[in-house]
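Novice: Sequence unavailable; structure follows:
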């Protein structure tokens, strides 16, 4: 199988802070890769470099055989038509309705008639379970609905690749599961290659064919979920267990306190006048 | 000592880098005008936002400024027993200076700041990145309709300001100062030639260009969340007002030669 996305020796620093340090990974046709890592470890930066929104300091990214960093603007736009990007906070155009958001790329990049666009928008909204919400404005949507409209907008042009930037952050556990299922449905129905950046372990293992962990700018492991779970690396194990103690954090966490005995209330305010 | 040199050097570097960035973005915006696709719907929305919605502001400020100027002229010329000249000078001042400059300054506050705030919000909420990801050039999609709307609407609004300026002068010089309506109408246009109309329209087009480019550029380059979005309109109004006044001097000097 050939790699649809290839990230080779990519490094990126913002001032003195090195965010990515010689990252290498390849995603094959139809594969779903999940990238995990602590906050501020450069996962979103990696997605932005793949989209060509940021230029790496070193290395390069090849998408569908084209080196993103060497493309002219028009050529880059052609590649981007093959990629659907779902932003962390959805990034919906707030002056437009749900319909206009989803129809945006169809109106600009295809010669579809108004009727055909309406049918395609309806299809996309149905895929994310939002049929009938065409006329709502982004301000009228909940966080989960916004993400789903963002998905619908991303799939409107039938892209070959989907990139999800923390699609479940800030959502309740039920909505997190819904979003995970939608991503899985999109993967099976559209057969797209996808990269998902997430902190949520449950959806990560549900979505991913392979799971990667970025730690201190490096890609620690890229493995199938079962192999990843069994990986003895202490950083991976600490991340999986969600324990504050261990090598994952650079700054030491606050010390663990012993739990209070059950019959001792936490605080009883005594009235000084009694 | 070295520290102050350092600070001056840093400020100069910042100024030149911003001026360079503004020039590059402006050139990209002007070059993007003939590019496809033409978004007529978006353009119409901007015509309404820049032009139609600005009519009350232009009418009120145009009327107020022309009335104040007429009061000053009537008082001044009365000192020399030359009240008849007030209408002619009022006409000249309204057409050449007051209408284009006041319209430009008001539009900088009303429209330029709105452009900076809108694009600034889009920048910090990743909507501009989303445009890029949807294979859409943000300069083409965001700058061009605003630029065209400003280029077309500023001259029209200036024309409106000249029209209301006539009636502002009429109100003071005819209704208050007692000139005859016929004399005022005759004298108002006496010193005005086609060159003056050309000056007014050229100025207003240049002001429209400044307002749209500065407003969009400030918004597009917004960084730093809510604080950045808050600073963008202020900075846009200050910068474009300054450039309107500076360019007004040079345009007047050039076009009156």
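Specialist: Okay, I see it. Since we're looking at a predicted model, the values are computed, not measured.
Novice: Tell me the predicted confidence for residue 35.
Specialist: Answering for chain A, as no chain was given. If you check residue A:35, the pLDDT there is 95.
Novice: nope, chain B please
Specialist: Looking at residue B:35, the pLDDT reads 91.
Novice: quick one: contacts for it?
Specialist: B:137, B:140, B:144 (C-beta atoms under 8 Å, 6 or more residues apart in numbering or on different chains). Using the backbone N, CA and C atoms, a C-beta is placed for each residue, glycine as well.
Novice: Could you rerun that using 10 Å?
Specialist: Going by C-beta atoms under 10 Å, 6 or more residues apart in numbering or on different chains, residue B:35 touches B:137, B:139-140, B:144.
Novice: same question, residue A:77
Specialist: Listed by C-beta under 10 Å, 6+ apart, the contact partners of residue A:77 are A:52, A:71, A:109, B:132-137.
Novice: hmm, back to that, who wins for most neighbours among the contacts of residue B:35?
Specialist: residue B:144 (25 neighbours; other C-beta atoms under 10 Å in any protein chain shown).
Novice: Going by proximity to chain B, name the top residue of the stretch 151-274 of chain A.
Specialist: Nearest residue of the stretch 151-274 of chain A to chain B (C-beta to the nearest C-beta) works out as residue A:153 at 7.5 Å.
Novice: So residue A:49 lies in a strand, does it not?
Specialist: No. Per DSSP: H, G, I helix; E, B strand; the rest coil, residue A:49 lies outside any strand segment and is helix.
Novice: Just the pLDDT for the closest residue to it other than its chain neighbours.
Specialist: Once flanking residues are discounted, residue A:49 sits nearest to residue A:56: 5.2 Å by C-beta to C-beta, 6 or more residues apart in numbering or on different chains. We note a pLDDT of 96 for residue A:56 in this prediction.
Novice: and what of residue B:222?
Specialist: With respect to pLDDT, residue B:222 scores 95.
Novice: can you confirm it is in a helix?
Specialist: No. Assessed with three-state DSSP, residue B:222 is coil; it does not lie in a helix.
Novice: Check the contact between it and residue B:119; I expect there is one.
Specialist: Yes. Contact criterion C-beta atoms under 10 Å: residue B:222 and residue B:119 qualify, at 7.1 Å.
Novice: shared neighbours, the two?
Specialist: Shared contacts of residue B:222 and residue B:119, defined by C-beta under 10 Å, 6+ apart, comprise B:128, B:229, B:232.
Novice: How many neighbouring residues does residue B:22 have?
Specialist: Other residues within reach of residue B:22, judged by other C-beta under 10 Å, total 16.
Novice: residue contacts, the one residue in the stretch 101-250 of chain A that gets nearest to chain B?
Specialist: Shortest the stretch 101-250 of chain A-to-chain B distance, computed as C-beta to the nearest C-beta: residue-wise this is residue A:105, at 4.7 Å. By C-beta under 10 Å, 6+ apart, the residues touching residue A:105 are A:80-81, A:84, A:153-154, A:156-157, A:159, B:131, B:133-136.
Novice: Next: residue B:106.
Specialist: B:54, B:57-58, B:60-62, B:65, B:157, B:161.
Novice: Inside helices: which ones of the residues you listed?
Specialist: Among these, the members found in helices (DSSP state H) are B:57-58, B:60-62, B:65, B:157, B:161.
Novice: still on that earlier bit, which of the shared contacts of residue B:222 and residue B:119 has the most neighbours?
Specialist: Neighbour-wise, the shared contacts of residue B:222 and residue B:119 (other C-beta under 10 Å) top out at residue B:232, 29 neighbours.
Novice: how near is that residue to residue A:9?
Specialist: Distance of residue B:232 to residue A:9, computed by C-beta to C-beta, to the nearest Å: 37 Å.
Novice: Same check on residue A:57?
Specialist: In this view, residue A:57 and residue A:9 are 11 Å apart by C-beta to C-beta.
Novice: Now do the same for the residue of the stretch 151-274 of chain A closest to chain B: helix, strand or coil?
Specialist: helix.
Novice: Can you give me the pLDDT of residue B:81?
Specialist: 86.
Novice: Run a quick neighbour tally on it.
Specialist: Around residue B:81 there are 7 residues (other C-beta under 10 Å).
Novice: Who does the spatially most central residue of chain A form a beta bridge with?
Specialist: With distances taken as C-alpha atoms, centre = their mean, residue A:165 lies nearest the centre of chain A, 2.3 Å away. Beta bridges link residue A:165 to residue A:197, judged by DSSP bridges.
Novice: Report the contact partners of it.
Specialist: Neighbouring residues of residue A:165 by C-beta under 10 Å, 6+ apart: A:35, A:43-44, A:46-48, A:51, A:85-91, A:150, A:195-198, B:126.
Novice: can you rerun that using 6 Å?
Specialist: A:44, A:47, A:87-88, A:197 (C-beta atoms under 6 Å, 6 or more residues apart in numbering or on different chains).
Novice: farthest pair in the residues you listed?
Specialist: A:87 and A:197 (10.8 Å; C-beta to C-beta).
Novice: Can you list the buried residues in the helix or strand harbouring residue A:106?
Specialist: Using DSSP states H and E, residue A:106 sits in helix A:98-109. Neighbour-count burial for helix A:98-109 flags A:98-106, A:108-109 (criterion: 16 or more other C-beta atoms under 10 Å in any protein chain shown).
Novice: Averaged pLDDT, it. What do you get?
Specialist: Mean per-residue pLDDT for helix A:98-109: 96.
Novice: distance between that helix and the chain's centre?
Specialist: The chain centroid and the centroid of helix A:98-109 are separated by 22 Å under C-alpha atoms, centre = their mean, to the nearest Å.
Novice: Show me what the helix or strand just after that helix is packed up against.
Specialist: With elements assigned by DSSP H and E, the helix or strand that comes after helix A:98-109 is helix A:114-127. Contacts defined by 3 or more C-beta pairs under 6 Å, 6 or more residues apart in numbering or on different chains; DSSP states H and E place helix A:114-127 against helix A:98-109, helix A:143-155.
Novice: How much space separates residue B:65 from residue A:148?
Specialist: Residue B:65 is 52 Å from residue A:148, by C-beta to C-beta.
Novice: Comparing those two, which shows the higher neighbour count?
Specialist: Higher neighbour count among residue B:65 and residue A:148: residue A:148, with 27 against 22, using other C-beta under 10 Å.
Novice: which residues does that one contact?
Specialist: Counting by C-beta under 6 Å, 6+ apart, residue A:148 touches A:128, A:130.
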